[in-house]
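> With the sequence up front, the predicted model follows.
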Amino acid sequence: MTRADLLIRDATVHDGSGAPGRVLDVAVTGDRIVAIGPRLDIAVAEVIDAAGLVLAPGFIDVHTHDDIAVLTRAGSTPKVSQGVTTVVTGNCGISAAPSPLLRRDVPVPPLDLLGDAATFAYPRFADYLAAVSAAGPAVNVVPLVGHTALRARAMDSLDRPATDEEIAAMRRDLVDALEAGAIGLSTGLAYPPAKATATAELIALVGDVAAAGALWTTHMRDERSGVVSAVAETIDIARRTGSRTLISHHKCCGEAAFGLSQTTLSMIAEARAELTLDLDVYPYTASSTVLIETFARDSRQVTVTWSDPHPEMNGRDLGDVSAEWGLSQTETIERLKPGGAIYHQMDDGDLDRILAFPPSLVGSDGLPRDRRPHPRLWGTFPRVLGHFSRDRGLIPLETAIAKMTGQTARVLGLTDRGLVQEGYYADLVLFDPGTVIDTASYDDPTARATGIHTVWVNGKPSWSDGAPADAGIGKLLTR
Ligand SMILES: [Zn+2]
């Protein structure tokens, strides 16, 4: 090796494997890492002096609702500004394609997390993938297909188990999406349109996922006082189908569920001895999704993030809105719908325990459509690095980085990303370990993180000097 396009000199390289950092030079040519070593002697077009900075693989946001956000470059600014170079779309049963509007004029909640009816412009999964490729996104995109979208296509009423014919229709759509390149199927069993899903329906669909060697991700049926039985159901389905399985945004909501992570994590640890079972988590004690009465009921506090009929209430406290209108909480929510909210409803002890659990991955679950989003959209990754790792010492830096890079790539089956390694794609983030921190808060939810120096996607900058850069073009990463 005598020539390269870019040399990042004297960085503390955290390679994403969980190994401690080492001071090294890293050379990039085109879209690949071509050399790594102490004091590389290479002629290069550009040298970056990275002494004192950490160079890590670009972060992989394993849990997003960025299906529509990735269709514009600006849509990924919340992600590249944090060091994210790859996003997994289509989570929680919610995907932009295939269109869930076969039988309806408007998307049923929570599909409307992604947007209104005009959003769902892709009849087949392949049509959506073509749109992503044509868009030239700022990040790489790893697409899942959502079960609730399939259900809405196959069924007139969603509050009951599917018939055999409806299951067959869903399976045809699922196989079509998997063949087009979806990396797996997501379910959102806690939400009304999927709550009535019977075991037979899950076994059939997740069985197809397993047969294709794909991944099943699940927003489980219950994340409140019934979370233990929801984990048991997930393990049962994983065992009966043999599917690789990822539990989404694991959490214990509502006071009755506080502390149950001790039980759920030991169940997951035990099941991992025989199953390929993983989980992800976001680093906050408030959740966020569409407005649902049962989610609001056991929350300490609820903030409205968007409301179509009452946009003047965006950012307002739900209790204050109720008082102003002289309505009950239930009536207030009905009047605000369709809309979304932030629900403060978790305990710090559970969050710490789940984040520190070795298998857990970091995902944002950010909601880019929201007018007043949960701060996780802009803050998740620097918050884990700066707050949980550096300031609180909950996990070492190399562990935090592995949970957002190498470990994640392994779960997703990405073979040439997620590590700083010769021959791998040059998805990289350079950051200051002393200052990296989230600044997005519930009061100021779109404030940009600090300490992120440069972010490269496929060898070219997608973020530099505190602003988006247009050179880094993300790829569609299909199965
Ligand atoms: Zn979810």
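That came through fine. Numbering: from 1, shown residues only.
> From here on, just use CA atoms for contacts and neighbour counts.
Noted.
> Can you name every helix or strand that the longest strand anywhere in the chain contacts?
As assigned by DSSP state E, the longest strand anywhere in the chain is strand 3-13. Under the contact criterion of 3 or more CA pairs under 8 Å, 6 or more residues apart in numbering; DSSP states H and E, strand 3-13 touches strand 22-29, strand 43-49, strand 54-57.
> Next, the buried residues of that strand.
4-13 (16 or more other CA atoms under 10 Å).
> Equivalent analysis for stretch 311-328, please.
313-319, 321-322.
> who touches that stretch?
301-307, 329, 332, 371-372 (CA atoms under 8 Å, 6 or more residues apart in numbering).
> ok so, going back, of the buried residues of stretch 311-328, closest to residue 282?
Within the buried residues of stretch 311-328, the smallest distance to residue 282 is 21.0 Å, found for residue 315 (CA to CA).
> and the closest residue to the ion within the stretch 1-150 of the chain, how many neighbours?
Going by CA to the ion, the ion is nearest to residue 92 of the stretch 1-150 of the chain, at 4.4 Å. When neighbours are counted by other CA atoms under 10 Å, residue 92 registers 30.
> Let me know whether my guess that it is in a strand holds.
No - under DSSP: H, G, I helix; E, B strand; the rest coil, residue 92 falls outside any strand and is assigned coil.
> Just confirm it contacts residue 218, I think it does.
Yes - applying CA atoms under 8 Å, one finds residue 92 in contact with residue 218, separated by 6.2 Å.
> Pull up the overlap in contacts between the two.
Shared contacts of residue 92 and residue 218 (CA under 8 Å, 6+ apart): 186-189, 248.
> what's the farthest-apart pair in those?
Pairwise over the shared contacts of residue 92 and residue 218, using CA to CA, the maximum falls at 189 and 248, 11.2 Å.
> quick one, which of these two is more surrounded?
Ranked by neighbour count (other CA under 10 Å), residue 189 and residue 248 place residue 248 first, with 27 against 21.
> For the residue nearest to the spatial centre of the chain, give its distance to residue 382.
Closest to where the C-alpha atoms of the chain average out (CA atoms, centre = their mean) is residue 63, at 1.3 Å. As judged by CA to CA, to the nearest Å, residue 63 and residue 382 stand 16 Å apart.
> How about residue 22?
Counting by CA to CA - residue 22 and residue 382 are separated by 21 Å.
> And residue 201, by the same measure?
Using CA to CA, residue 201 is found at 39 Å from residue 382.
> Please identify which of those two sits among more neighbours.
Taking neighbours as other CA under 10 Å, residue 201 and residue 382 compare with residue 382 leading, 26 against 20.
> Please tell me I have it right and that one contacts residue 435.
No - using CA under 8 Å, residue 382 is not in contact with residue 435; the gap is 9.5 Å.
> So for the two, which residues contact both of them?
residue 450.
> So in terms of bridging, what pairs with the closest residue to the ion within the stretch 201-350 of the chain?
As assessed by CA to the ion, the ion sits closest to residue 219 within the stretch 201-350 of the chain, at 4.8 Å. Residue 219 forms beta bridges with residue 188, as assigned by DSSP bridges.
> List the contacts of it.
92-93, 186-190, 247-249.
> ok, 7 Å please
Contact analysis of residue 219 by CA atoms under 7 Å, 6 or more residues apart in numbering lists 92, 187-190, 247-248.
> Likewise for residue 249?
Residue 249 touches 280-282, counting by CA under 7 Å, 6+ apart.
> what does the stretch 101-250 of the chain put close to the ion?
Residues of the stretch 101-250 of the chain lying close to the ion (CA under 5 Å from the ion) are residue 219.
> quick one, strands of the stretch 101-250 of the chain?
140-143, 145-146, 184-188, 215-219, 244-247 (DSSP state E, counting those that start in this stretch).
> want to throw those into JSON lines with mean pLDDT?
Listed next are the strands of the stretch 101-250 of the chain as JSON lines, based on pLDDT from 0 to 100:
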{"stretch": "strand 140-143", "mean pLDDT": "98"}
{"stretch": "strand 145-146", "mean pLDDT": "98"}
{"stretch": "strand 184-188", "mean pLDDT": "98"}
{"stretch": "strand 215-219", "mean pLDDT": "98"}
{"stretch": "strand 244-247", "mean pLDDT": "98"}
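> Deepest in the core, which of these is it.
strand 145-146 (a mean of 30; mean count of other CA atoms under 10 Å).
> What lies in contact with it?
90-95, 177, 182, 184-187.
> Could you save those as CSV and add columns showing distance to residue 295?
As requested, the contacts of strand 145-146 are exported to CSV (distance: CA to CA, whole Å):
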residue, distance to residue 295
90, 21
91, 19
92, 15
93, 17
94, 18
95, 22
177, 31
182, 30
184, 27
185, 24
186, 20
187, 18
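> what sits against residue 354?
Counting by CA under 7 Å, 6+ apart, residue 354 has contacts residue 360.
> all helices of the stretch 201-350 of the chain, in order?
Counting by DSSP state H, counting those that start in this stretch, the stretch 201-350 of the chain has helices at residues 227-241, 261-271, 293-297, 318-325, 329-336, 348-356.
> Which one of those has the poorest average confidence?
Confidence, taken as mean pLDDT, is least for helix 293-297 of the helices of the stretch 201-350 of the chain (a mean of 89).
> wait, what's in contact with the nearest residue to residue 459 once chain neighbours are set aside?
Leaving aside its sequence neighbours, residue 459 sits nearest to residue 31 (CA to CA, 6 or more residues apart in numbering; 4.2 Å). Taking CA under 7 Å, 6+ apart as the criterion, residue 31 is in contact with 425-426, 458-459.
> Residue 140: which of those residues is nearest?
Looking at the contacts of residue 31 and their distance to residue 140, the nearest is residue 458, at 8.6 Å (CA to CA).
> Report pLDDT for the residue nearest to that closest one when sequence neighbours are not counted.
Leaving aside its chain neighbours, residue 458 sits nearest to residue 31 (4.5 Å; criterion: CA to CA, 6+ apart). At residue 31, the model reports a pLDDT of 98.
> Equivalent analysis for residue 371, please.
What the model reports as pLDDT for residue 371 is 88.
> That one contacts residue 305, correct?
Yes - with contact defined as CA atoms under 7 Å, residue 371 counts as touching residue 305 (5.9 Å).
> Settle it for me: which of the two has more neighbours?
Per other CA under 10 Å, whichever of residue 371 and residue 305 has more neighbours is residue 305, with 26 against 17.
> quick one on the thing from earlier: distance to residue 75 for the contacts of stretch 311-328 - can I get that in JSON lines?
Shown next, in JSON lines, are the contacts of stretch 311-328 (distance: CA to CA, whole Å):
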{"residue": "301", "distance to residue 75": "29"}
{"residue": "302", "distance to residue 75": "26"}
{"residue": "303", "distance to residue 75": "23"}
{"residue": "304", "distance to residue 75": "22"}
{"residue": "305", "distance to residue 75": "18"}
{"residue": "306", "distance to residue 75": "18"}
{"residue": "307", "distance to residue 75": "20"}
{"residue": "329", "distance to residue 75": "33"}
{"residue": "332", "distance to residue 75": "31"}
{"residue": "371", "distance to residue 75": "13"}
{"residue": "372", "distance to residue 75": "15"}
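> What subset of those residues is buried?
302-307, 329, 332, 371-372.
> Tell me which two in these are the farthest apart.
The widest separation within the buried ones among the contacts of stretch 311-328 (CA to CA) is 21.3 Å, between 329 and 371.
> Help me confirm that residue 111 comes into contact with residue 94.
Yes - with contact defined as CA under 7 Å, residue 111 reaches residue 94; the gap is 5.4 Å.
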